[in-house]
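Chemist: Quick check, what structure comes out for this input:
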Amino acid sequence: MKKLEIITRPEKIEDVKEVMNEAGTYGMTVTMVSGCGMQKGRKEIYRGTEYSINLLPKIKIEAVVPDEAVEGLIQKITEAVRTGQVGDGKIFVYNVEDAVRIRTGTRGKDAI
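Modeler: Numbering: from 1, shown residues only. The predicted model follows:
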């Protein structure tokens, strides 16, 4: 099993959900986060004073998926959220040793 951690623009959440649902992956956790990377924020002017906003709003989507689904999901998610602009986001892949469904005690792939 692998854990996908997708960090992207907030307006792309529906695109990611659609790709995940089409792939049969319904379990995910979505968190509103702030971050900076290559975008390095932006300059704003408020009442004549310029200031820098370097932490931009993003969403983080976490999902645990079977090993065989990872490459296909990465490709489809990348296609769905890519705008070609700096700030499109990143996908991180982690190994997951085990999963346990608390209600039933089911373990492994059956728990996801």
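
Chemist: these two touch, right, residue 10 and residue 60?
Modeler: No - with contacts counted by CB atoms under 8 Å, residue 10 stays clear of residue 60, the gap being 10.4 Å. Every C-beta, even on glycine, is put in place using the N, C-alpha and C of the backbone.

Chemist: out of the two, which sits in the more crowded spot?
Modeler: For residue 10 versus residue 60, neighbours defined as other CB atoms under 10 Å are more numerous around residue 60 (16 against 12).

Chemist: Check whether the more buried one really touches residue 28, as I assumed.
Modeler: No - the criterion here is CB under 8 Å, and residue 60 misses it with residue 28 at 10.3 Å.

Chemist: Which stretches in the protein count as strands?
Modeler: Ranges of strands in the chain, per DSSP state E, are 2-8, 29-35, 42-46, 49-53, 56-65, 89-95.

Chemist: Nearest residue to the middle of this protein?
Modeler: residue 6 (2.0 Å; CA atoms, centre = their mean).

Chemist: That residue and residue 101, how far apart?
Modeler: Using CB to CB, to the nearest Å, residue 6 is found at 23 Å from residue 101.

Chemist: one step back: and the residue nearest to the centre of the chain, bridged to which residues?
Modeler: residue 61, residue 91 (DSSP bridges).

Chemist: on that earlier part again, hey, least reliable of the strands of the chain by pLDDT?
Modeler: In terms of mean pLDDT, the lowest-scoring of the strands of the chain is strand 42-46 (a mean of 68).
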